[in-house]
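[1] please find the sequence and the predicted model below.
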Amino acid sequence: MKRPMMTVVSLSLLIIVIFLMSLQLGTFQMAPGDVVRTLVGFGTEQQELVLFEFRLPRMVIALLIGAGLATSGAILQSLSRNELADPGILGINAGAGLAVVLFIYFFQGSYASLGNSVFLLPMFAFGGALTAAFLIYTIAWKKGVTPVRLILVGIGLNAGFMAILIVFQLRMNPNDFMQATIWLTGSIWGASWNYVFAVLPWVTMLIPLVMIQANRLNVMRLGDESAVSLGIHVERSRRWLLVLAVALAGASVAAGGAISFLGLVAPHIARRLVGPRHQTMIPVAALIGALILLFADMIGRNILSPSEVPVGIIVAILGAPYFLYLLMKTP
């Protein structure tokens, strides 16, 4: 237990360091002393506006989305026994994104008119993600689900969802079209406390529920026959864990768009650091996901300042080479 504990402590310290750096950096830069004074209530009105209304909610959302997508990826990889599984690659994120765009298009009319409706976004995203997951497993099933077939079906459905999204984007006004395009590349577009409060209950309640099922995930990773022999109701457990994975992915997409590769990379790094035991791997994966997305957001906000690079593009630059490496290793 010494190594997992040291890993958790090290990752937590890294997150704190990146968090503090991110508070300082941006178009409006702040010295460390100014950040501290503003946090304790002695900053200027401008400093308080930048810190509390723009940077802090955005960074908290990045932590929540990173943890949610990483945990979702860890569940999907264990359930499918496929190290290439990821909610973005499999099309689950695209299904959630489509549901959110349809909700905004039919019920709100515009991104600018969301208001308190942001609290409904995770619900619609969950419905879209669940529909995508059902279609993927139904189409991919052929006397079982092989890793390559799962990936190919996921990529195909992902392309289909994106095509439908483009159709609805073209019917939007130019401003909403641009917002939808940027969001779908993976962008923390809802940089407000409303979005934090919309996503927070999902992530903070669902990850502990996943941890309760950690031992089942350990057993199910061995295969269905081994799980049944150890008294696990495989299909019931698989359905329940899949719902948890889809809900985490859907809530994350509702606030951060279709960010790919994060759910793939974070569990792999976690397994290398602490091994495959889910009681330790899932918390470490969640921390790694939070760290990667927080770092990517900091880079995206500052690399071309005052312009901004969507965080999904930064994550893709970091994660795509690793995905290709894993794809070449897969038999």
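    Structure's in. What do you need?

[2] ok, the most centrally placed residue in the chain to residue 233 distance?
    Centre of the chain computed as the mean C-alpha position; nearest residue by Cα atoms, centre = their mean is residue 69, 2.9 Å away. Between residue 69 and residue 233 the distance is 28 Å, computed by Cβ to Cβ, to the nearest Å. Where C-beta positions appear, they are placed from N, C-alpha and C, glycine not excepted.

[3] who are the contact partners of the residue nearest to the centre of the chain?
    87, 88, 248, 249, 252, 259, 262, 263, 266, 289, 293 (Cβ atoms under 8 Å, 6 or more residues apart in numbering).

[4] if you set the cut-off to 7 Å instead, what comes out?
    Shown in contact with residue 69 (Cβ atoms under 7 Å, 6 or more residues apart in numbering): 87, 249, 252, 259, 262, 263, 289.

[5] now residue 254
    96, 100, 121, 122, 125, 199.

[6] before we move on, what SS does the last one have?
    Three-state secondary structure (criterion: DSSP: H, G, I helix; E, B strand; the rest coil) places residue 199 in helix.

[7] contact partners of the one helix or strand residue 18 maps to?
    Taking DSSP states H and E as the criterion, the element that holds residue 18 is helix 2-24. Residues outside helix 2-24 that contact it (Cβ under 7 Å, 6+ apart) are 30, 32, 35, 51, 55, 59, 273-274, 280, 283-284, 287-288, 290-291, 294-295, 298.

[8] mark which of those residues are buried, thanks.
    Neighbour counting by 16 or more other Cβ atoms under 10 Å classes 30, 35, 51, 55, 59, 273-274, 280, 283-284, 287-288, 290-291, 294-295, 298 among those as buried.

[9] any low-confidence regions in the stretch 51-200 of the chain?
    Residue ranges of the stretch 51-200 of the chain with pLDDT under 70: 108-117, 143-148, 189-190.

[10] all helices of it, in order?
    56-80, 92-103, 121-140, 147-170, 174-184, 193-212 (DSSP state H, counting those that start in this stretch).

[11] let's have those helices in a markdown table, adding distance to residue 219.
    Formatted as a markdown table, the helices of the stretch 51-200 of the chain follow (distance: least, Cβ to Cβ, whole Å):
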| stretch | distance to residue 219 |
| --- | --- |
| helix 56-80 | 10 |
| helix 92-103 | 24 |
| helix 121-140 | 20 |
| helix 147-170 | 20 |
| helix 174-184 | 37 |
| helix 193-212 | 14 |
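
[12] so which of these gets nearest residue 237?
    Nearest to residue 237, of all these, is helix 56-80, at 9.0 Å by Cβ to Cβ.

[13] now the closest one, how far from the chain's geometric center?
    4 Å (Cα atoms, centre = their mean, to the nearest Å).

[14] ok, now stretch 20-27?
    Relative to its parent chain, stretch 20-27 has a centroid offset of 22 Å by Cα atoms, centre = their mean.

[15] what of stretch 273-285?
    Counting by Cα atoms, centre = their mean, stretch 273-285 is centred 18 Å from the centre of its parent chain.
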